[in-house]
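[1] could you work out the structure for the sequence below:
(one chain, ligands or ions: 3)
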Amino acid sequence: MKRIGVLTSGGDAPGMNAAIRAVVRKAIYEGVEVVGILHGYQGLIEGKMEKLDLGSVGDIIQRGGTKLYSARCPEFRTEEGQKKAIEQLKANNIDGLVIIGGDGTYRGSMTLTKNGFPCVGIPGTIDNDIPGTDYTLGFDTALNTVIECIDKIRDTATSHDRTFIIEVMGRDAGDLALWAGLAGGAETIIVPEVEMKIEEVVERLESGTARGKKHSIIVVAEGVMSGQDFALKLKEHANIETRVSVLGHIQRGGSPTGRDRVLASLFGAKAVEVLMAGHGGRAIGIQNHQVVDYDMTEAFEKTEVFDQKMYQLSKELSI
Ligand SMILES: Nc1ncnc2c1ncn2[C@@H]1O[C@H](COP(=O)(O)OP(=O)(O)OP(=O)(O)O)[C@@H](O)[C@H]1O
Ligand SMILES: O=P(O)(O)OC[C@H]1O[C@](O)(CO)[C@@H](O)[C@@H]1O
Ligand SMILES: [Mg+2]
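    Numbering: from 1, shown residues only. Ligands and ions are numbered 1, 2, ... in the order given. Reported below is the predicted structural model:
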């Protein structure tokens, strides 16, 4: 490999910049050139790229967002779009590609690998929904952001004896809701992976009230329904009055935590090593505290990533 590309795609995540830095610095250390592709797969199709040197990734390890910008690109879902992308990679003498993003970004890279172009994936998404890795970049930072918000909302919930609904990100994935809810002591956590009946939520609230509990926090992942819709349901079903907080994109911004920076550095360096060894279709991750690479397609064929046991525990601990 003489020249590799790197791109970020899907929702941005704190730690993406630290990963870009690690890819660039490790590759250059190994004598390999790096090209940064702008705006994810959209920029790849359009040939928007620039050579990255050591200095170009200075002063970004601490920054949220992504220096390479990100995008969601419907065209790349088509064979024609994928063909254009491969043509651009060839025309720019790029021998391999590091993609940093979520599950959709991984699925996109698998189409390139299938077409004979070697890609290695670094997990970068606040959703923590990539099979085969215990953590994705950005999850820890987003988790801490949400916990801080829950703590603040709990202060005012306590003062006013109120029930609050906090809507967090997660269109299809409940990890952020589960972890933040557990860490924030939420009384009820609602995630896309587990069906929860409104009767059960009401019962939990009412049994808390019967024990003298005067305030309550419900964390709902946006994929289940909006916080506002959930508030309406509670009102209609049991005349329960609530306040709603939608945390929104604040969850995706901010300076990455130490954990995300370190993981990003380890993942970035490993991705370059794997690509230089000529392996495509691999994903980088952390399993039981070890940085690993594994077959991306196989991982996506298998397991559910959501931790049902942890979900059960969250119910047992907040009654
Ligand atoms: N099945 C697929 N085939 C080809 N390309 C895909 C596929 N799924 C997603 N992509 C490409 O990857 C991009 C990013 O995917 P997506 O929007 O699902 O975000 P993500 O990477 O999962 O990140 P996040 O969920 O954290 O926002 C899509 O806009 C599309 O260009
Ligand atoms: O910013 P957008 O494109 O609305 O994306 C929101 C989605 O992205 C994610 O935050 C992941 O990045 C999901 O949890 C959420 O549903
Ligand atoms: Mg995703």
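[2] can you tell me the closest non-neighbouring residue to residue 292?
    Across the structure, with C-beta to C-beta, 6 or more residues apart in numbering as the measure, the residue nearest residue 292 apart from its sequence neighbours is residue 285 (5.7 Å). Where C-beta positions appear, they are placed from N, C-alpha and C, glycine not excepted.
[3] got a list of what that neighbour touches?
    Going by C-beta atoms under 8 Å, 6 or more residues apart in numbering, residue 285 touches 123, 130, 132-135, 267, 291-294.
[4] ok, of those, which one's closest to residue 34?
    Nearest to residue 34, judged by C-beta to C-beta, of the contacts of residue 285 is residue 267 at 15.4 Å.
[5] do you know the pLDDT at the closest one?
    The predicted local confidence for residue 267 comes out at a pLDDT of 99.
[6] what does residue 96 give?
    At residue 96, the predicted lDDT confidence score is 97.
[7] that one reaches residue 120, doesn't it?
    Yes. With the criterion set as C-beta atoms under 8 Å, residue 96 and residue 120 qualify as a contacting pair; they are 7.2 Å apart.
[8] output the contacts of residue 285 as JSON lines; include the columns neighbour count and distance to ligand 3.
    As requested, the contacts of residue 285 are arranged in JSON lines below (neighbours: other C-beta atoms under 10 Å; distance: C-beta to the ion, whole Å):
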{"residue": "123", "neighbour count": "32", "distance to ligand 3": "10"}
{"residue": "130", "neighbour count": "28", "distance to ligand 3": "8"}
{"residue": "132", "neighbour count": "23", "distance to ligand 3": "14"}
{"residue": "133", "neighbour count": "24", "distance to ligand 3": "13"}
{"residue": "134", "neighbour count": "17", "distance to ligand 3": "17"}
{"residue": "135", "neighbour count": "20", "distance to ligand 3": "15"}
{"residue": "267", "neighbour count": "31", "distance to ligand 3": "17"}
{"residue": "291", "neighbour count": "14", "distance to ligand 3": "22"}
{"residue": "292", "neighbour count": "15", "distance to ligand 3": "21"}
{"residue": "293", "neighbour count": "20", "distance to ligand 3": "20"}
{"residue": "294", "neighbour count": "15", "distance to ligand 3": "18"}
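[9] of the residues you listed, which is the nearest to residue 225?
    Each of the contacts of residue 285 was scored against residue 225 by C-beta to C-beta, and residue 130 proved nearest at 24.5 Å.
[10] so that closest one makes contact with residue 136?
    Yes. A contact is recorded between residue 130 and residue 136 when judged using C-beta under 8 Å, the distance being 5.3 Å.
[11] give me phi/psi at the residue lying farthest from the centre of the chain?
    Farthest-out residue of the chain from its mean C-alpha position, per C-alpha atoms, centre = their mean: residue 210, at 38.4 Å. Main-chain torsions, residue 210, degrees, to the nearest 10: phi -60, psi -30.
[12] cool, thanks, signing off.
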